[in-house]
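>>> quick one, what's the 3D model for this:
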Amino acid sequence: MATCRAVPVNDLLDRASQRSDTLHSLSRLLTHTLDSHFPPIGRVIMPRPHMCHTSSLQTPNDKDQTLRVSESDLLSLARSLLQAWTDPLVLLSTAAGSLPHPAQSTISSKLQELQEHSRNLGDGLDILSSKLGPSAEFVSPPPFRGGNDLGQDRISRLVNFHFLLSCFRRDSHKIDSFLKVLRCRAAATRPEVC
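Numbers count the residues shown, from 1 in each chain. As a prediction, this is how the structure comes out:
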């Protein structure tokens with residue numbers, strides 16, 4: 001930990017950006033794997049993205065809005081989003097062990113990998129926030145009220161699992177985008193070309 005504090009901010013942002021890119025790639029891979037055997041009825045009954053537990057967190061909607069947000073606020077938003085997924089990732093990882101899906105073992109191992117990357121990214125963002133000052137240290141993760149059960153029947157478990165994972169994929173994309181903008185700003189590159 002002390003060694004990381006001596007690393008320049010640019011290097012820490014490079015590492016965080018690489019880690020967030022991996023996190024988002026894993027979430028895309030997992031949702032693609034689930035899609036391969038997702039029942040057609042599941043698409044009809046799946047909740048909409050505005051029902052994700054992180055939807056109440058005010059985040060920029062597009063690149064132009066993101067570019068207008070301060071460094072400390074972007075880092076705070078990334079940390080808040082990431083922390084909001086601590087409990088839901090545990091639920092997904094636990095539920096993956098009994099998921100009624102042909103690729104259940106692959107999904108389960110990839111979710112454990114996702115949790116590990118999420119923890120490592122969180123540790124790195126904590127170090128970064130301490131370097132950027134008190135306003136970057138503020139986090140306000142929305143609570144997860146999804147409980148610890150994804151449903152009793154096969155379709156409900158698959159739909160709820162897929163929905164939760166889709167929400168994570170959306171949020172991991174936001175985290176990745178925020179960190180890439182921060183990396184560009186730190187490197188004195190024009191963020192709009194990143």
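>>> and the most centrally placed residue in the chain, what is it in contact with?
By CA atoms, centre = their mean, the chain has its centre lying nearest to S172, at 3.1 Å. S172 makes contacts with S20, L23, H24, S27, as judged by CB atoms under 8 Å, 6 or more residues apart in numbering. Any C-beta I mention is one placed from the backbone N, CA and C, and that applies to glycine too.
>>> now it, nearest residue through space, not along the chain?
Nearest residue to S172, sequence neighbours excluded (CB to CB, 6 or more residues apart in numbering): H24, at 4.2 Å.
>>> what's the pLDDT at the one you found?
H24 is assigned 95 on the pLDDT scale.
>>> so it makes contact with D176?
Yes - at 4.5 Å, H24 counts as touching D176 under the criterion of CB atoms under 8 Å.
>>> number of residues surrounding the nearest residue to T106 once chain neighbours are set aside?
Residue nearest to T106 in three dimensions, not counting chain neighbours: T33, with 6.4 Å by CB to CB, 6+ apart. Using other CB atoms under 10 Å, T33 is surrounded by 18 other residues.
>>> roughly how far does T33 sit from A78?
Distance of T33 to A78, given as CB to CB, to the nearest Å: 26 Å.
>>> how about the residue nearest to S172, what does it touch?
Residues counted as contacts of H24 (CB under 8 Å, 6+ apart) are R169, S172, H173, I175, D176.
>>> what helix or strand is the last one on?
Element membership of D176 [criterion: DSSP states H and E] is helix 154-186.
>>> report the buried residues of that helix.
157-172, 174-186 (16 or more other CB atoms under 10 Å).
>>> state the mean pLDDT of it.
90.
>>> residues contacting L34?
Residues counted as contacts of L34 (CB under 8 Å, 6+ apart) are H101, A103, I107, L158, F161, H162, L165.
>>> the last one against S93, yeah?
No - using CB under 8 Å, L165 and S93 do not qualify as a contacting pair, with a distance of 11.0 Å.
>>> overlap of the contact sets of those two?
Common contacts of L165 and S93 (CB under 8 Å, 6+ apart): none found.
>>> and the helices in the protein?
Ranges of helices within the chain are 2-5, 9-35, 40-45, 63-67, 71-84, 86-96, 104-132, 134-137, 154-186, based on DSSP state H.
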